[in-house]
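Chemist: Below are the sequence and a predicted model; questions follow.
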Amino acid sequence: MKWNIPNLKELEDILWRCTACGTCKEAYEYGPPSVSSPICPAGEEFGFEGFLSSRGKIAFARGILSGDLGWNEALIDAIYKCNVCGGCQSQCELDHKPFIPEIIEAMRRKIVADGVGPMPKQKVIAQSLNSYDNPYQGPRRVRLDWTRPFKKQGKPIKNILEEPAPILYYVGCTGGYNVPVRVVPQATASIFNKLGLDFGILGESEICCGSTAMRLGDVGAFQRVAESNLELFRKLHDEKGLKTIVTSCAGCYRAFMKDYPMAEEYDRMMEGIRVIHTSQFLYDLYMSGQLKFTESLPWKVTYHDPCHAGRHLTKFIIDKDGTQLWAGAYVKLDDKDCLYDIPRQLLKAIPGIDLREMRRIKANSYCCGGGGGVMTGYNDWAARNAGIRIQEGMETGADQMVSICPFCHYNLNQGSQGIGSKMKLYDLTELIDKVLPEKVS
Amino acid sequence: MKAKKIEKKGKTVKAVKAAKAVKADKKERILKELKSIVGEKNATTDQHILYAYSYDMSFVTPKLPDYVVIVHTVEEVQKILKVANKEKIPVVPYTSGTNIGGLCIPERGGMILDFKKMNKIVKLDPEALYAVIEPGVSHGQLADALYKYNLRFGWPVGPPSASVASCAICHGIGHMNARYGLNSQEITSMEVVLPTGELVRVGSCAINPDAWHSCLPMPQMDGLFKGWLGSTGIVTKLGIAVHHIPPILKIFTVSCDNVDDMYSYMLNLSNYEICDDLTAVSWWLSQVPIPYPYKPKPDDAPEWFSYATTFSFTEKEKEARTEVWEKVVDEEKKKGTSIQVTHYPEEALKARTQLPSQIVGSTKNYCKMAGGGISWPGTFTPANRWAPIYKEWRKIMIGHNLSPAVRMSMYRGVHYGMLRAMTPFNKQSAKETENARQAIVECLKVDLDNGGMPYKPPVDFSTEINKRAHPGYLMLMRRLKKFLDPNDIMNPGKLGI
Ligand SMILES: Cc1cc2nc3c(=O)[nH]c(=O)nc-3n(C[C@H](O)[C@H](O)[C@H](O)COP(=O)(O)OP(=O)(O)OC[C@H]3O[C@@H](n4cnc5c(N)ncnc54)[C@H](O)[C@@H]3O)c2cc1C
């Protein structure tokens, strides 16, 4: 398959659009009242310009391209000490705005292509992807461990490779292999069962979406699994009636929505197949009256917007041919795909829920600290950063935090433990499952 | 690292210059000492970090520091300056590097002291209306804190993430300059570490450690640290006056065909002192973004726009201000000027009146089209010289294929104000950068010869100022500098002396 994934050199002109104004360093909204808070986890932790937001990363990129900076361990380390969360991107207004995560990942792609990275702990991910088709070094059979309770209850989940189903629930590796996060697929499947949906999973045959590899710059590993997935989705559509892929993993969702379309054959492979995040899927059912909450959950909660299901899904309108502004100009953004309001509306629809907002939300959400390969490469820092976010959640007066990403789920719970907080991170599906009656009429 | 040139698509990108190399063993020894003061994580000589501090958006040639140090406390600052003074290592204070004049570029290498983590709002007195801040406090952060009390400070049209203190001590300009003057005129007290490491205080806090309300009536020693571009000491705490936000905002907007008419209107209106901000911008500056390269103004568009921002506590007060403004407009019309009440381009107006702002802060309305670079001849100029200077600047700018994106703002009364030409350029190209530099320096000379004074001047400007300076001024400046900074370690090379 042919992929249009830019390398660093191809982004050179665009990264010179940055003025180094540093607006990207703080989440800021005029209001009034105005809101201003740090937005860059790496900046918070490491302080120096360079680490801090897109201004810093672009300095590295310029230095690498001009030849002023050659590879050394400290530089490579600094390039990987970034969550690629896109918080800095939300602040910028210049023409390079749409490409900010791309510029950071292009540096990583160059690191991998030049054979000098990623960081040692992250290399395990690439090796694991090659050997196990998942980043967790998990044997294939373990992928199904989360389904045991369903088997026990005599409600085994259909394998879509064996039996046709219009809906594929794509679990994702974190939900499958990361033990504390298995509650996410379990809650999702439980809801689907209660709703009587005809859905299937890929079982032991599910392979990674490639998101982690892509975030680390291992474009070869990404392409291998992505191509395999695209071909499988096509086949399932043609042979098993697949129409909708639902995923409760923000990372997989981001990969399907933003990374896979870089394949030239994406449209052909995905024709007739819709990819949807669980929260949107359930929201649609709620709006059509199929999902009804009868029980109450008197919880005080706050909601954490995951980067991958939030601002990463922003579409940027670029003037490609110079008819609106000038060729290459960033014109405006379209954030209707960003899952900002949908999870909130679902939460508010649950009787008894008292939703308290944090200061940094939606496009200005403060990353949990887990993304961009940081949870693997620098787990202590990831958890420390999650502690900062939990603290912010606690300041709202909420008892629990809710989100829609298994990565955030794991990392924020780690962070909460780290600061000795009682706050727990729940997936939205866990709450919905709690208030949904066993059999929905 | 040597200066080198990289050919690229017919353009030349100049790579970073290093100052005189520091011997490796000295560098290692100093780094160890710095780390012992600020902790292992907060001092570095890593090349990629130095590189990130080597350039800014201006035309000033990038240069590498030898060390970067993040400081958190006054004691750390004192200890570092003692080391630097003993070892004669240049020290460049840095908060965000957005001064548009290369003022944080280490002309002679040395140490960047990064203050962004020294960012506490030490005190906020909503009754006595002042705040005490550390140097790393950003405009966004302070605005956020002040809003809770419905208070404000003079927000510049710059990045919300930039430092309030750095702006104020460099005679920065905020959105209330027509009413209260420059942000440096809002300074009420200071705590400063001298280049020799001693801690000093000026203003009321020098007499009573908790009193930060006023620099007067004592000798105004705060002047030793204001307008010196970080070359006389390091400000570690700053007292600033803050103000209530009256609930009713009314912005009066007019346009006209020529600069003489605009000056006449501004002069007339500013006599009544009813505005927080009285600013006029040329057509090129009213565009979002400034056209790059130069593009002629459409014939039917006015050449000048003005916004006069007023705040009132009551409707009656607003009406009174409106009455004054209407009277001025009437008078100007009767004089036969081309002044007209107008609709100011919306995004540009929002960018300049909803402050701090990401539209201007991100340089969208200045640089989005040009890319990467911006500098200015930014000056304080007698208002009655604005029109003749603008006419010269227009010729110079257009001659360099650059938009004459000029702003004029009255500072507290009618005597003088800001005259500046925002000059974006394509920083990727050394040729286009040099073109902008030449145009700006030419404009500056015109302004200096008309009695104007550049603010936050890059080195090129300081040289031009000093060429014209009274010998006594230069002698005094040298003496003061020598007295405060005997080893010339503080931001050396910036004053052009
Ligand atoms: C688009 C744009 C618009 C702007 N508009 C305005 C405007 O309207 N008005 C205005 O005033 N400015 C404006 N600026 C300039 C600048 O953004 C502000 O003045 C800003 O607040 C400076 O803060 P900084 O953190 O970037 O300072 P820096 O650039 O980091 O520092 C400025 C100077 O202060 C010195 N310094 C820093 N810290 C200390 C310290 N602790 N003690 C002593 N010296 C110190 C530095 O060495 C340097 O000389 C604008 C900039 C941009 C990019």
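Modeler: Received, thanks. Numbering: from 1, shown residues only, chains lettered A, B, ... in the order given.
Chemist: and the residue of the stretch 351-497 of chain B nearest the ligand?
Modeler: B:T363 (4.5 Å; Cβ to the nearest ligand atom). For the C-beta atoms, the positions are set from N, CA and C on the backbone; glycine is no exception.
Chemist: Count the residues that sit near B:P217.
Modeler: A count of neighbours around B:P217, defined by other Cβ atoms under 10 Å in any protein chain shown, yields 7.
Chemist: Show the model's pLDDT score for it.
Modeler: As predicted, B:P217 sits at a pLDDT of 95.
Chemist: what does A:A383 give?
Modeler: Reported pLDDT for A:A383: 98.
Chemist: Also the one 3 residues further on?
Modeler: A:A386 carries a pLDDT value of 98.
Chemist: now swap in B:P345 and tell me
Modeler: Listed pLDDT for B:P345 reads 76.
Chemist: Name the nearest residue to it, ignoring sequence neighbours.
Modeler: Excluding the flanking residues, the one nearest B:P345 by Cβ to Cβ, 6 or more residues apart in numbering or on different chains is B:S286, at 5.2 Å.
Chemist: From B:A280, how far off is the one you found?
Modeler: 10 Å (Cβ to Cβ, to the nearest Å).
Chemist: what does B:I30 give?
Modeler: 50 Å.
Chemist: between the two, which one's more packed in?
Modeler: B:A280 (27 against 20).
Chemist: Give me the residues contacting the host helix or strand of the more buried one.
Modeler: Per DSSP states H and E, B:A280 falls inside strand B:277-282. Residues from elsewhere that reach strand B:277-282 (Cβ atoms under 8 Å, 6 or more residues apart in numbering or on different chains): B:175-179, B:259, B:262, B:266, B:269-270, B:303-309, B:348, B:352-353, B:390, B:404-410.
Chemist: Any buried residues in that strand, and which?
Modeler: B:D277, B:L278, B:T279, B:A280, B:V281, B:S282 (16 or more other Cβ atoms under 10 Å in any protein chain shown).
Chemist: number of nearby residues for the closest residue to chain A within chain B?
Modeler: Closest residue of chain B to chain A, Cβ to the nearest Cβ: B:G140 (3.1 Å). As a burial measure, B:G140 scores 28 neighbours (other Cβ under 10 Å).
Chemist: Contacts only, for it.
Modeler: A:E26, A:Y28, A:S34, A:S36, B:P160, B:S161, B:P356.
Chemist: per-residue confidence for it?
Modeler: B:G140 is given a pLDDT of 96.
Chemist: tell me which element it falls in.
Modeler: If you go by DSSP H and E, B:G140 is part of helix B:139-147.
Chemist: pull the CA atoms of that helix into CSV?
Modeler: Extracted in CSV, the C-alpha atoms of helix B:139-147 (Å, rounded to 0.1, in the frame of the first residue of the first chain):
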residue,chain,number,x,y,z
HIS,B,139,0.1,38.0,31.4
GLY,B,140,-2.3,35.1,31.1
GLN,B,141,-1.6,33.9,34.6
LEU,B,142,-2.0,37.4,36.1
ALA,B,143,-5.1,38.2,34.1
ASP,B,144,-6.6,34.9,35.4
ALA,B,145,-5.8,35.8,39.0
LEU,B,146,-6.9,39.4,38.7
TYR,B,147,-10.3,38.6,37.1
